[in-house]
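[1] This is a predicted model, with the sequence first.
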Amino acid sequence: MLIVGLTGGIGAGKSTVADLLAGHGAAVVDVDALGREILAPGGPAVSGVLDRFGAELAASDGGIDRPALARIVFNDADELAALNEISHPAVNQLLDERIEAIAAAADAEVVVLDMAVLVESTLGRETRFPYEVVVTVEAPPDVRLERLAERGMTEADARARLGSQATDDQRRDAADFVIANGGVPDELAEVTSQLWDALQRLADERAT
Ligand code: ADP
């Protein structure tokens with residue numbers, strides 16, 4: 001089994017690549033969704049977040065009021081670090097459980113961890129199944145802003161999110177494969193198919 005960390009700046013096309021890889025047979029774990037799951041009612045990070053950030057962050061359903069939490073940590077490195085200390089181990093533990101289940105089912109040779117914050121975090125690294133290969137998806141900032149606008153995000157919000165993330169250079173430094181997605185969807189499908197072939201070769205090497 002080969003564990004792949006898949007990242008990319010918001011709007012670059014990371015989730016689209018994850019879907020394409022799933023179509024080829026990869027098992028995809030949405031790590032960003034795990035980040036929401038740990039803050040949902042009964043989630044493993046709920047009490048830690050309430051202790052650290054205050055009981056007023058409790059949502060009426062018993063989970064965490066994520067927009068309110070986001071306002072606290074956005075553009076505040078200390079508060080963000082405090083949150084990450086609570087959330088990242090919780091996400092990594094869920095990741096372990098998910099990957100273990102995929103391994104037990106033995107139904108995928110390639111496991112893709114779809115994660116926005118790869119270089120910014122220990123997610124997918126401080127686990128029992130750390131990713132072994134990194135793929136980053138890139139597109140020019142103006143193209144990304146346009147796609148985010150089509151998805152209904154305001155320009156100010158999109159620019160703020162782009163600015164708060166790691167840079168393409170940082171992601172590229174960490175990457176084994178760089179997928180350029182400045183073109184049309186058919187081109188992306190083609191390069192992702194080539195990526196899939198390369199990942200399968202690596203997985204086969206592992207297996208032998
Ligand atoms: P990310 O996960 O990196 O934020 P997504 O994969 O969700 O990005 O893509 C952002 C938006 O752009 C989506 O609506 C997606 O359908 C669209 N998109 C992705 N790749 C292309 C492309 N090559 N051409 C046009 N639209 C694209």
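    Received the coordinates, thanks.
[2] Distance-wise, check the residue nearest to residue 129 when sequence neighbours are not counted relative to residue 76.
    Counting by CB to CB, 6 or more residues apart in numbering, residue 99 is the residue found nearest to residue 129 once chain neighbours are left out, at 4.3 Å. C-beta coordinates here come from the backbone N, C-alpha and C atoms, glycine included. In this structure, residue 99 and residue 76 are separated by 32 Å, where distance is defined by CB to CB, to the nearest Å.
[3] The two: which has the busier surroundings?
    More neighbours sit around residue 99 than around the other of residue 99 and residue 76, counting by other CB atoms under 10 Å; the figures are 22 against 12.
[4] right, and that one touches residue 4 too?
    No. Contact criterion CB atoms under 8 Å: residue 99 and residue 4 do not qualify, at 11.5 Å.
[5] what touches both of the two?
    Shared contacts of residue 99 and residue 4 (CB atoms under 8 Å, 6 or more residues apart in numbering): residue 111.
[6] Would you mind checking the average pLDDT for the helix or strand hosting residue 203?
    In this structure, residue 203 sits in helix 185-207 according to DSSP states H and E. Mean pLDDT, computed over helix 185-207, is 95.
[7] Then stretch 63-73?
    For stretch 63-73, mean pLDDT is 95.
[8] Around the ligand, which positions in this structure sit nearby?
    By the rule CB under 6 Å from any ligand atom, the part of the chain lying against the ligand is 8, 10-16, 147, 151, 181, 183-185, 188.
[9] Mind checking which of those are in strands?
    If you go by DSSP state E, these have residue 8 in strands.
[10] Residue 189: what's its closest spatial neighbour, skipping adjacent residues?
    With sequence-adjacent residues excluded and distances taken as CB to CB, 6+ apart, residue 189 is closest to residue 20, at 6.0 Å.
[11] Run the chain-centre distance for the host helix or strand of the one you found.
    When secondary structure is defined using DSSP H and E, the element that contains residue 20 is helix 14-24. Counting by CA atoms, centre = their mean, to the nearest Å, helix 14-24 is centred 13 Å from the centre of its parent chain.
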